[in-house]
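>>> Quick one: sequence and predicted model below, then my questions.
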Amino acid sequence: MSGKLSNLTRLASVERGKMDDILAAKMLGFPDAGHNIAVDFTAISHPDMQVWKRTFGGRSFASKLSLGKGRSDKLLRERFGPLSFGLAIVIDEDRLRFIVRSWNFLGILLPLSWAPGGDSYEFCEDGKFCFNVEIRHPLTGTIVKYRGWLEPKIESVKDKQAVCV
């Protein structure tokens, strides 16, 4: 392991889509449906990327984030196994939105009209870091939707730092 490690923890709710989308969600490791699920988030920084690991009720999935290059210049690149997404980060009032602008499978660029999308954003509420992630496909609908909040995972009260100011 190299670089800086960030640990956050708290609660989330997860919804799943229809049968076809449940299969896609399982293949990518997305969490099972439920409410008030314990969630842990770990970000490990490397020189050219971050690895984000999300654990919902003991079930984990991870992605790799990096700055986009070439066609993805000025975009955030997020990779889930063979799938990679170019994400625009847009400030919208009090929210930080993530909007799919490109995607590929095994490096092959795919039509944007086929891309999964959804209403995904981060925000602060009552001093808490909150998230809403919706992944849906234009033909089949919701694959997974999860929302919740996080705070620093601490060993003692003196270690606690604000996530949102």
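It's in. Numbering: from 1, shown residues only.
>>> so how far is the helix or strand where residue 88 lies from its chain's centroid?
In this structure, residue 88 sits in strand 83-92 according to DSSP states H and E. The gap between where strand 83-92 is centred and where its chain is centred comes out at 11 Å by Cα atoms, centre = their mean, to the nearest Å.
>>> Next: stretch 92-111.
12 Å.
>>> That one: which residues count as buried?
95, 97, 98, 99, 100, 101, 102, 103, 104 (16 or more other Cβ atoms under 10 Å). From N, CA and C alone the C-beta is placed, and that goes for glycine too.
>>> if we can go back for a sec, parallel or antiparallel, which strands does the strand holding residue 88 pair with?
Looking at strand 83-92 with DSSP bridges, its partner strands are strand 76-80 (antiparallel), strand 95-105 (antiparallel).
>>> Turn the ones you listed into CSV, columns for mean pLDDT.
Putting the strands paired with strand 83-92 into CSV (pLDDT from 0 to 100) gives the following:
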stretch, mean pLDDT
strand 76-80, 94
strand 95-105, 96
